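> dropping a prediction and its sequence here:
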Amino acid sequence: MIVTIAGGVGAARMLRALRQIIPDDQLLAIVNVGDDLVLHGLHISPDLDTVTYTLAEAIDPEKGWGLVGESWNAMETVGRYGGVTWFGLGDRDIGTHLFRTQRISEGATLSEITSEISAAWNLGLTMTPVTNDKLRTMVTLATDDPAASTFPALSAGSEISFQEYFVQRHHSVPVFSVRFDNAENAQPAPGVLDAIANADCIVIAPSNPIVSIAPVLAVPGIRDALVRRRSNVVAVSPIIAGSALKGPADRMMSELGYEPSALGVAKLSQDFVGTFVIDTADAASAPAIEALGMRCIVTDTIMSSPEVSAALASTVISSQENV
């Protein structure tokens, strides 16, 4: 079994690459839920949905989120009434959130609902949230953020949810700190710790280390489980030549005092990652990464085509052959 610690677009692409070389019934994804929110009374799980829609080949290729061929009638009506529209929900996408919210009201767990949604999209792999409990990524601003037409002004030190930072404010405000609300009370979803303990290989997807991977690690028991399996954990750097391919990972790392580089990501994960995969653009960092006690593999990590993606997946899996 190949277990992937997943969050966001980078994780979705890594899982799609792994599916090219590994049968679905041998893949399990443990997905971040720190981005989840309740809006319009609906429980929304952005990372779970991004992974689902991507693997179902139903994602909007231009936006990188939501469903292809969407209409936006519901949001237009909400806007007519002066309601909240900063978080865009397409009409078809709303159906997913309606179903999830209904099932929660009926007493179903998020992992049960995720299995039902995966089955409805005919996904053969297993996907589970890291926890069924509430877990929310919260961001404290480093500077004042002036008022805009769609949201109120905030002063330095204000704490907001990840989605308010990322979507509403377009991740344009410097960050002072990040915390994971209720993490200490959360429990790993059923089967998560067993999956990590028994996996042939554990892949840390090229996702934002601060707000996609760290929330997963914040759930009690997850990080310790990975530390115990360190020699079988392979991470792909989300930072290439000092920049993130998508999103604010590089800026967030810098603002929080970490080096925004492949080496910086390696330092953040050295206690639970045994093999670190970096792009050819960062080949010069390999000796410094190996000095951390990690194996370092240099290859093309930009999944620009199915062929490159499959080659990266093969490199990641084959890295465990002689471990």
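Thanks, I have the structure now. Numbers count the residues shown, from 1 in each chain.
> show me where the stretch 201-323 of the chain has its strands.
Counting by DSSP state E, counting those that start in this stretch, residue ranges of the strands within the stretch 201-323 of the chain are 201-204, 233-236, 239-240, 243-244, 275-279, 295-299.
> can you list those in TSV and add mean neighbour count, distance to residue 92 and mean pLDDT?
Quick note: C-beta positions are derived from backbone N, CA and C, even for glycine. Putting these into TSV (neighbours: other C-beta atoms under 10 Å; distance: least, C-beta to C-beta, whole Å; pLDDT from 0 to 100) gives the following:
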stretch	mean neighbour count	distance to residue 92	mean pLDDT
strand 201-204	28	30	97
strand 233-236	27	31	98
strand 239-240	22	33	96
strand 243-244	16	29	89
strand 275-279	24	35	98
strand 295-299	18	37	97
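> looking at the ones you listed, which is nearest to residue 165?
Residue 165 sits nearest to strand 243-244 of all the strands of the stretch 201-323 of the chain, at 15.4 Å, using C-beta to C-beta.
> ok, back up a step: which one, of the strands of the stretch 201-323 of the chain, ends up nearest to residue 122?
Once those are compared by C-beta to C-beta, strand 201-204 is nearest, at 22.8 Å.
> identify all contacting residues around that closest one.
2-5, 14, 18, 196, 213, 226, 229, 232-236, 269, 273, 316-317, 320 (C-beta atoms under 8 Å, 6 or more residues apart in numbering).
> related to what we said a few turns ago, mind putting the strands of the stretch 201-323 of the chain into CSV with distance to residue 126?
Output for the strands of the stretch 201-323 of the chain, formatted as CSV (distance: least, C-beta to C-beta, whole Å):
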stretch, distance to residue 126
strand 201-204, 14
strand 233-236, 19
strand 239-240, 29
strand 243-244, 28
strand 275-279, 23
strand 295-299, 26
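> do you know which of these lies nearest residue 139?
The nearest among the strands of the stretch 201-323 of the chain, by C-beta to C-beta, is strand 243-244 at 16.4 Å.
> mind listing the strands that closest one pairs with, and their directions?
strand 239-240 (antiparallel) (DSSP bridges).
> gap between the strand it pairs with and the chain center?
Counting by C-alpha atoms, centre = their mean, to the nearest Å, strand 239-240 is centred 16 Å from the centre of its parent chain.
> and what of stretch 37-54?
Distance, centroid of stretch 37-54 to centroid of chain: 12 Å (C-alpha atoms, centre = their mean).
> report the buried residues of it.
By 16 or more other C-beta atoms under 10 Å, the buried positions in stretch 37-54 come out as 37, 40, 42-54.
> what's the end-to-end length of that stretch?
20 Å (C-alpha to C-alpha, to the nearest Å).
> mean confidence for it?
Averaging pLDDT along stretch 37-54 yields 96.
> now swap in stretch 316-323 and tell me
pLDDT averaged over stretch 316-323 gives 82.
> kindly report the same for stretch 174-193.
97.
> what's next to that stretch, contact-wise?
30, 34, 109-111, 128-143, 156-157, 165, 210-211, 214-215, 218-222, 225, 251-252, 255-256.
> what's the answer for stretch 9-23, then?
Contacts of stretch 9-23 (C-beta under 8 Å, 6+ apart): 2, 4-6, 27, 29, 31, 47, 50-51, 54-55, 59, 64-65, 124-125, 203, 205-208, 212, 236, 238, 245-247, 303, 306, 309-310, 312-314, 316-317.
> so of those residues, which ones are in helices?
47, 50-51, 54-55, 306, 309-310, 312-314, 316-317 (DSSP state H).
> which one of the strands of the stretch 201-323 of the chain lies nearest to residue 265?
Per C-beta to C-beta, nearest to residue 265 of the strands of the stretch 201-323 of the chain: strand 239-240, 5.5 Å.
> write the ChimeraX selection for whichever of the contacts of stretch 9-23 are buried.
ChimeraX command restricting these to the buried ones, with burial defined by 16+ other C-beta under 10 Å:
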select :2,4,5,6,27,29,31,47,50,51,54,55,59,64,65,125,203,205,206,207,208,212,236,238,245,247,303,309,310,312,313,314,316,317
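> residues contacting residue 126?
Applying C-beta under 8 Å, 6+ apart, we find residue 126 in contact with 27-29, 115, 118.
> how about 10 Å then?
Applying C-beta atoms under 10 Å, 6 or more residues apart in numbering, we find residue 126 in contact with 1, 3, 24-30, 111, 114-115, 118, 191, 195.
> low-confidence regions, this protein specifically.
Applying pLDDT under 70 to the chain flags the ranges 322-323.
> tell me which stretches of it form helices.
8-19, 46-55, 73-80, 91-105, 110-120, 162-163, 192-198, 214-218, 222-228, 249-255, 262-269, 286-290, 306-318.
> Throw these into TSV and include distance to residue 297, thanks.
What follows is the helices of the chain, written out as TSV (distance: least, C-beta to C-beta, whole Å):
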stretch	distance to residue 297
helix 8-19	15
helix 46-55	24
helix 73-80	44
helix 91-105	37
helix 110-120	30
helix 162-163	31
helix 192-198	22
helix 214-218	22
helix 222-228	19
helix 249-255	20
helix 262-269	11
helix 286-290	8
helix 306-318	6
